[in-house]
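Chemist: just coords:
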């Protein structure tokens, strides 16, 4: 099987505990969405692929009147995840529509670009508030979950300051 961009996120979340597709989407939206998004349209087909190759095993676990399938990682899947974790290829990809708009802002008046920059700063502020709200005080996260959480906080704080600094610079030159 050729892993996709979603393979490792889905497999990694299942490695942390049994999950349904709904559970995976909920966890993605609450945790890793700030740097790795996945939709239901990506998650459910990936669950089927992972089950077909034997990396996960699913079992029916209805809840109320709803059908539900819960997946667990298999030894073969755990080995694939370990192999990926030990891999040397490190690809950093960034898809950022706000940054794309800023790139093309010269096509409009200066105030449009400045407005986009202000909106970007506000986006960082909102993301920072969402990340800080994740700290529910119930105890420490696992060390590397905490490490990524702290990266998110630092990234947002840097982004807020960068936007403010660039807005001041652009206003001086305008």
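Modeler: Nice, I can see it. Please read all numbers here as calculations on a predicted model, not as lab measurements. Residues are numbered from 1 along each chain as shown.
Chemist: tell me the mean pLDDT for the helix ranked longest in the chain?
Modeler: The helix of greatest length in the chain, counted in residues with DSSP state H as the criterion, is given as helix 143-173. When the per-residue pLDDT values of helix 143-173 are averaged, the result is 94.
Chemist: cool, stretch 60-69 as well?
Modeler: If you average the per-residue pLDDT over stretch 60-69, you get 84.
Chemist: That one: which residues count as buried?
Modeler: For stretch 60-69, a neighbour-count test (16 or more other CB atoms under 10 Å) marks residue 69 as buried. (Glycine included, C-beta is placed from N, CA and C.)
Chemist: End to end on it, go ahead and measure it.
Modeler: According to CA to CA, to the nearest Å, stretch 60-69 extends 4 Å from its N-terminal end residue to its C-terminal end residue.
Chemist: residues in contact with that stretch?
Modeler: For stretch 60-69, the surrounding residues in contact (CB atoms under 8 Å, 6 or more residues apart in numbering) are 20-22, 47, 58-59, 70.
Chemist: one step back: ok, and for the longest helix of the chain, which residues are buried?
Modeler: Within helix 143-173, the residues scored as buried using 16+ other CB under 10 Å are 149, 152, 155-156, 159-160, 163, 166-167.
Chemist: Shouldn't residue 58 be within a strand?
Modeler: Yes. With DSSP: H, G, I helix; E, B strand; the rest coil as the criterion, residue 58 is part of a strand.
Chemist: Now do stretch 136-145: distance to the chain's middle.
Modeler: Using CA atoms, centre = their mean, to the nearest Å, the distance from the centre of stretch 136-145 to the centre of the chain it belongs to is 17 Å.
Chemist: start to end distance for it?
Modeler: The first and final residues of stretch 136-145 sit 14 Å from each other (CA to CA).
Chemist: Outline the domain layout of the chain.
Modeler: According to automatic domain parsing, the chain is divided into the following domains: 7-85, 97-173.
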